[in-house]
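Engineer: Below is the sequence, then the predicted model.
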Amino acid sequence: MATTTNRQRILSQLLNSPLAEAPEQEPLPVFEQFVYALCRENSTEEQARQAYENLRTRFFDWNEIRVSSVREIEDAMPGLCDTESRAQRLVSFLQEVFEANYTFDLEELQKKGLKQASKRLTTFGAANDYAGSWVVQRSLGGHAIPIDAPTLRCLKRIGLVDPASEDIEAARASLEHLVPKSKGPHFTDAVSNLAERHCWEDEPQCHGCPLSGECQHAQETLGDQLATARTARAKPR
């Protein structure tokens, strides 16, 4: 992992790059933000937005989704990975909220302290570290950095997270000390854009990436590509 000074430089470069330019997102109530988080994990902003809008328009209301089949819900999530698991988690979440409140509303969490609200989110069977952190960041005004698989991959490659670590909570805690609270959503969007546009799991597009100069993985990748190109250009004797 890069030194603290280098991490600050990489962070500044990321937040000042075109990757940090993301569309304004309409604020969502806590309940709906959790649903959106279920769509957003391991997906792009466009994929998650489309899936969320499909859920809102293809079904009469949240209760219809609650009593629908997993297959019907999956059909509303084209482009997302693990749609069966997402659909099952969504039904589980809707059922838990409904049984507790007989309505689909979690705005009472806004009245609780952030610590209590965060703890309440973790009690849902559909919750995980990503969903909880996303809701805290986007709806509860807290400082949390949601980390999914594409985010973790990018953060390891650019040196903001220890490449050898698989501890999501430790990575998140480290980032929350590094990234200012006011920049949390911009940081999350920027890393997501990095994963979508350049930092693919296979055959990453390091050429044109604004962080390639700071990224050890990019340097190794570009070095291999240049060596291959030189070999291909070599004339036979």
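Structural biologist: Received, thanks.
Engineer: domain assignment for the protein?
Structural biologist: Split into domains by automatic domain parsing, the chain comes to 1-21+147-232, 30-138.
Engineer: Could you list the low-pLDDT ranges of the chain?
Structural biologist: Scanning the chain with the threshold set as pLDDT under 70 gives 1-2, 224-237.
Engineer: what about the helices in it?
Structural biologist: Using DSSP state H, the helices of the chain run over residues 4-15, 30-40, 45-58, 62-66, 70-74, 83-101, 114-121, 129-138, 149-158, 168-178, 184-197, 216-233.
Engineer: Can you report how many residues neighbour S139?
Structural biologist: When neighbours are counted by other CB atoms under 10 Å, S139 registers 23. Quick note: C-beta positions are derived from backbone N, CA and C, even for glycine.
Engineer: Give me the distance between the residue nearest to it when sequence neighbours are not counted and W134.
Structural biologist: Distances taken as CB to CB, 6 or more residues apart in numbering place Q33 nearest to S139, at 4.3 Å, with adjacent residues excluded. In this view, Q33 and W134 are 7 Å apart by CB to CB, to the nearest Å.
Engineer: Give me the more crowded residue out of those two.
Structural biologist: Legend: neighbour count by other CB under 10 Å for Q33 and W134, higher for W134 (26 against 21).
Engineer: which ones are touching that one?
Structural biologist: Counting by CB atoms under 8 Å, 6 or more residues apart in numbering, W134 touches 33, 36-37, 40-41, 144, 146.
Engineer: one more time with 10 Å
Structural biologist: By CB atoms under 10 Å, 6 or more residues apart in numbering, the contact list for W134 reads 33-34, 36-38, 40-41, 121, 128, 144-148, 185, 188.
Engineer: got any residues that touch both of Q33 and W134?
Structural biologist: Common neighbours of Q33 and W134 (CB under 10 Å, 6+ apart) are R40.
Engineer: Neighbours of S92, how many?
Structural biologist: Neighbours of S92 using other CB under 10 Å come to 15.
Engineer: ok, so of the contacts of W134, who is nearest Q110?
Structural biologist: Q33 (11.2 Å; CB to CB).
Engineer: how far away is K181 from A127?
Structural biologist: As for K181, its distance to A127 is 22 Å (criterion: CB to CB).
Engineer: Same drill for these two, tell me which one is more crowded.
Structural biologist: A127 (20 against 12).
Engineer: Pretty sure the more buried one sits against F34.
Structural biologist: Yes. Taking CB atoms under 10 Å as the contact criterion, A127 and F34 are neighbours in contact, 7.9 Å apart.
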